[in-house]
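S.K.: Predicted structure and sequence below. I'll ask about it afterward.
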Amino acid sequence: DIKKIITIDGPSGSGKGTITQLVAQKLNWHILDSGALYRVLGLAAQRHGIAFSEVATVAELARNMDLQFRINDENGEVEPILEGENLAPFVRTDEAGQAASQVAVIAEVREALLARQRDFYQSPGLVADGRDMGTIVFPDAPAKIFLTASAECRAERRFNQLKNKGVNANMRALLDSIKARDERDQTRSVAPLVPAEGAFVVDSSNLTISEVLTQVLEFASKSM
Ligand code: C5P
């Protein structure tokens with residue numbers, strides 16, 4: 001039987017995280033935030049003093065790390081628990097994002113994380129957020145979305161996010177960081193960031209969150 005899966009792929013800052021949460025809420029489905037797996041792995045490697053160039057050792061860590069996801073009862077947020085430690089305060093930082101995109105280029109690492117990602121599928125359905133959800137991890141998903149936005153627009157959103165948190169950010173540096181990560185994600189030889197065949201491409205540059213949500217839900221309901 002056909003698995004109920006909606007994949008949402010795209011570059012960082014395109015609004016995937018937000019849309020994934022809203023779609024999952026609306027349908028009452030589960031979520032896979034695959035970026036969090038790569039982020040945690042990057043942090044874990046750093047903590048264990050493993051250089052990203054030590055490919056086999058990083059892959060071994062990917063296979064064996066003791067990682068669970070737990071829902072915080074108070075705020076409903078999903079917290080990654082690595083070896084008993086709650087990494088939630090560190091996982092969304094730019095440093096973790098950069099570390100993630102470095103371990104993510106390793107083919108053996110991606111292979112090692114496949115089973116962990118597929119294990120997230122549970123009835124009644126799964127919304128999977130990432131870069132290769134529709135191309136590699138869930139190629140049979142009935143509804144595939146590719147969500148994008150211009151680099152400038154994504155930098156601006158990130159800038160405002162940080163400003164709201166009271167963090168002083170530099171627009172130029174944010175834009176450079178986004179472009180560097182795009183470049184690494186799009187040009188890597190394993191699982192590069194590209195729309196899956198048959199994916200519904202949404203450019204959110206000039207759309208509100210609720211406009212994107214409507215388009216995604218409409219596409220998903222037609223596809224399932
Ligand atoms: O989505 P997020 O910004 O959390 O992802 C962090 C990094 O992890 C990305 O820049 C990408 O290099 C990597 N990643 C990936 N494949 C995924 C999800 C994330 O390569 N499915």
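M.R.: Ah, there it is. This one's a predicted model, so the numbers in the text were calculated from it and none came from an experiment. Numbering: from 1, shown residues only.

S.K.: Quick check: what element follows the biggest helix by length in the chain along the chain?
M.R.: Criterion DSSP state H: the longest helix present in the chain is helix 171-187. Sequence-wise, the next helix or strand downstream of helix 171-187 (DSSP states H and E) is strand 200-203.

S.K.: Tell me the buried residues in that next one?
M.R.: By 16 or more other CB atoms under 10 Å, the buried positions in strand 200-203 come out as 200, 202. In this view, the C-beta of every residue, glycine as well, is placed from N, C-alpha and C.

S.K.: any idea which element the closest residue to the ligand within the chain lies in?
M.R.: Closest to the ligand within the chain is residue 35: 2.2 Å, counting by CB to the nearest ligand atom. Using DSSP H and E, residue 35 maps to helix 34-47.

S.K.: right, and the helix or strand after that helix?
M.R.: helix 55-64.

S.K.: near the ligand, which residues of this protein show up?
M.R.: 12, 34-35, 38-39, 97, 100-101, 104, 130-132, 181, 185 (CB under 6 Å from any ligand atom).

S.K.: Between which two of these is the distance greatest?
M.R.: The most widely separated members of those, counting by CB to CB, are 97 and 132 (16.4 Å).

S.K.: Compare these two (neighbour count), which wins?
M.R.: residue 132 (24 against 20; other CB atoms under 10 Å).

S.K.: residues in contact with the closest residue to the more buried one other than its chain neighbours?
M.R.: In space, and not counting its chain neighbours, residue 132 is closest to residue 191: 4.1 Å by CB to CB, 6 or more residues apart in numbering. Contact analysis of residue 191 by CB atoms under 8 Å, 6 or more residues apart in numbering lists 110, 131-132, 135-136.

S.K.: List the ones among the residues you listed that fall in helices.
M.R.: Using DSSP H, these in helices are residue 110.

S.K.: top of the contacts of residue 191 by neighbour count?
M.R.: Within the contacts of residue 191, neighbour counts (other CB under 10 Å) peak at residue 131, which reaches 26 neighbours.

S.K.: Contacts only, for it.
M.R.: Here residue 131 is in contact with 9-10, 34-35, 104, 185, 191, 193 (criterion: CB under 8 Å, 6+ apart).

S.K.: Assign a three-state SS to residue 79, would you?
M.R.: strand (DSSP: H, G, I helix; E, B strand; the rest coil).

S.K.: Quick one: neighbours of the residue nearest to it when sequence neighbours are not counted, just the number.
M.R.: In space, and not counting its chain neighbours, residue 79 is closest to residue 88: 4.3 Å by CB to CB, 6+ apart. When neighbours are counted by other CB under 10 Å, residue 88 registers 16.

S.K.: now do residue 130
M.R.: 27.
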